[in-house]
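J.: A structural model of the following input is requested.
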Amino acid sequence: MPPVRRRAAENLEEHTFAVVMAGGNGTRLQGLTRWDCKPALPFGGLYRNIDFPLSNCVNSGIRRIGVLTQYKAHSLIQHVVHGWSFLRPELGEYVELWPAQQRKGTRWYAGTADAVYQNLEMIMERAPKYVLVLAGDHVYKMDYRPMIEAHAASGAEATVGCIEVSIADAREFGVMSVDRRGRVAAFDEKPAHPQGLPDRPDVALGSMGIYVFNRDFLFDVLTKDAADASSSHDFGRNILPPMVRDGLVFAYPFRDADGGRGYWRDVGTVESYWRANLDLLDDEPPLDLADEAWPLWTHQPVRSPARFVTGGAATSSIVAPGCIVAGRVHRSVLFAGCTIEKGASLDNCLVLPGARVERGARLANVIVDSGCDIPEGYVCDARNAAAAEGERVALLTAETLRGKGSAESTGVKAAA
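T.: So this is what the prediction gives:
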């Protein structure tokens with residue numbers, strides 16, 4: 001069981017219910033989410049995206065969790081059922097799966113706020129004092145307790161977790177400006193021209209999509225939003241802006257143990273997913289998966305240890321159990337059950353579970369999809385390709401290799 005550090009003060013985490021939104025379709029991840037939703041995608045060789053918010057909750061002492069599912073949820077449901085059943089419901093600890101049930105009519109979830117709204121009755125039955133709303137597809141380690149404590153101390157109705165981002169990246173975030181007390185003075189969802197911080201104009205304060213709400217207030221604002229036919233029922237677009245105007249929202253800056261900017265990644269695109277996995281390969285990785293003080297929990301079938309045959313080598317890489325390596329692998333992540341045959345070479349690659357790279361294939365800056373078979377002698381080097389939208393990675397799936405698609409759809413050129 002994970003360790004839980006207790007404090008002399010009131011344990012606010014025990015009065016908190018966590019809602020993890022795990023229903024995203026993930027269209028920007030292209031073929032990677034053809035069969036799986038974003039939270040179910042494998043990460044770091046052994047894990048799945050959903051393991052990060054769930055592990056953060058459990059390690060923070062928050063052990064009442066509802067996971068909202070909708071699209072392509074089968075593998076996610078299997079993973080949560082098999083990997084997160086160690087909590088004890090008879091002690092009030094659980095991770096429950098809440099599939100979309102059309103509890104408020106005949107529609108499916110229409111937005112992030114609507115997903116929570118359609119499950120309000122079940123949240124209210126748990127009678128929490130605070131509701132922690134999380135995304136199921138972000139990669140980070142965070143103790144939520146200081147954020148909940150800051151929320152309680154501020155007197156806010158809502159608190160938003162935030163992180164410093166460059167002005168160029170801020171266009172993909174909800175951007176906030178705050179006063180000296182930390183109250184959010186303005187909130188702009190994905191602005192075309194984001195405003196920088198007063199003393200650092202090249203940096204903006206971006207929302208992480210992590211929210212703490214007072215329970216009754218959340219009930220009131222979501223009920224009001226649901227009755228607004230013009231709303232898109234999204235937290236960033238429709239819930240936070242009027243709350244900010246009324247002075248009810250505070251910001252909580254996410255920091256690491258040393259007080260610096262915490263590591264947090266939204267792995268919602270092919271490139272960001274690839275880069276976040278490769279971050280794990282640094283000599284001092286910004287995200288330490290081996291941190292015993294903050295364990296990352298998951299489920300993995302029993303597999304044999306990775307095996308290196310004569311001539312096989314891997315440097316600056318992660319090689320998961322069940323892999324067979326006979327080729328040369330550098331700065332790559334091999335997920336469980338992969339095979340790299342003799343003469344094959346990989347640089348800056350992700351090879352997802354069960355994939356095979358045959359003899360003589362040469363891959364660089366490539367993601368090989370789960371179960372995909374890269375044919376003998378195939379060459380795909382995305383490092384020097386003319387990238388579309390700034391991407392420098394190719395995604396290879398069974399469809400692209402059968403000629404039904406092209407690796408060029410990810411903004412690179414591949415030669416066979």
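J.: now the helices for the stretch 201-350 of the chain?
T.: Per DSSP state H, counting those that start in this stretch, the stretch 201-350 of the chain carries helices over the ranges 215-226, 240-245, 270-279.
J.: and of these, who's closest to residue 55?
T.: Residue 55 sits nearest to helix 270-279 of all those, at 15.9 Å, using Cβ to Cβ. Placement of C-beta: from N, CA and C, glycine included.
J.: Give me the distance from that closest one to the chain's centre.
T.: When C-alpha coordinates are averaged (Cα atoms, centre = their mean, to the nearest Å), helix 270-279 and its chain have centres 11 Å apart.
J.: Same question for stretch 178-185.
T.: 27 Å.
J.: ok, back up a step: deepest-packed of the helices of the stretch 201-350 of the chain, please.
T.: Mean neighbour count, computed with mean count of other Cβ atoms under 10 Å, is highest for helix 270-279 among the helices of the stretch 201-350 of the chain, reaching a mean of 21.
J.: So which other helices or strands are in contact with it?
T.: Packing partners of helix 270-279 (3 or more Cβ pairs under 8 Å, 6 or more residues apart in numbering; DSSP states H and E): strand 264-266, strand 350-351, strand 366-368.
J.: Please list the outside residues in contact with it.
T.: By Cβ atoms under 8 Å, 6 or more residues apart in numbering, the residues outside helix 270-279 that reach it are 28-30, 32, 41, 43-44, 139, 263, 265-267, 285-287, 331, 333, 348, 350, 365, 367, 390-393, 395, 410.
J.: now residue 92: how far from residue 128?
T.: From residue 92 across to residue 128, the span is 11 Å (Cβ to Cβ, to the nearest Å).
J.: Show me which of these two is the more surrounded one.
T.: residue 128 (21 against 11; other Cβ atoms under 10 Å).
J.: what residue ranges in the protein score low on pLDDT?
T.: Low-confidence segments of the chain (pLDDT under 70): 1-10, 103-106, 257-258, 384-391, 404-416.
J.: Can you tell me the strand partners of the lengthiest strand in it and which way each runs?
T.: Assignment by DSSP state E gives strand 203-214 as the longest strand of the chain. Here strand 203-214 has these sheet partners by DSSP bridges: strand 130-135 (antiparallel), strand 158-166 (antiparallel), strand 174-178 (antiparallel).
J.: Please tell me how far it is from the chain's geometric centre.
T.: Distance, centroid of strand 203-214 to centroid of chain: 15 Å (Cα atoms, centre = their mean).
J.: State the phi and psi torsions of the residue located most distally from the centre of the chain.
T.: Taking Cα atoms, centre = their mean, the residue of the chain most remote from its mean C-alpha position is residue 310, at 37.3 Å. Backbone torsions of residue 310, given as degrees, to the nearest 10, read phi -50, psi 130.
J.: ok, back up a step: relative to helix 215-226, how tilted is the longest strand of the chain?
T.: Orientation note: strand 203-214 sits at an angle of 110 degrees relative to helix 215-226 (axes from the mean of the first three to the mean of the last three Cα atoms, to 10 degrees).
J.: Now strand 203-214: buried residues?
T.: Residues of strand 203-214 classed as buried under the neighbour-count rule (16 or more other Cβ atoms under 10 Å) are 203-214.
J.: With distance to residue 147 added, can I get those in TSV?
T.: Compiled in TSV, the buried residues of strand 203-214 are given as follows (distance: Cβ to Cβ, whole Å):
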residue	distance to residue 147
203	21
204	20
205	15
206	16
207	13
208	10
209	13
210	7
211	10
212	6
213	12
214	14
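J.: and the gap between residue 354 and residue 320?
T.: Using Cβ to Cβ, residue 354 is found at 11 Å from residue 320.
J.: Which residues are in contact with each of the two?
T.: In terms of Cβ under 8 Å, 6+ apart, residue 354 and residue 320 are both contacted by the residues 335-338.
J.: ends of stretch 67-81, how far apart?
T.: By Cα to Cα, to the nearest Å, the extent of stretch 67-81 from end to end equals 11 Å.
J.: May I see the buried residues of it?
T.: Within stretch 67-81, the residues scored as buried using 16+ other Cβ under 10 Å are 67-73, 75-76, 79-80.
J.: what helix or strand is residue 123 on?
T.: Taking DSSP states H and E as the criterion, residue 123 maps to helix 120-126.
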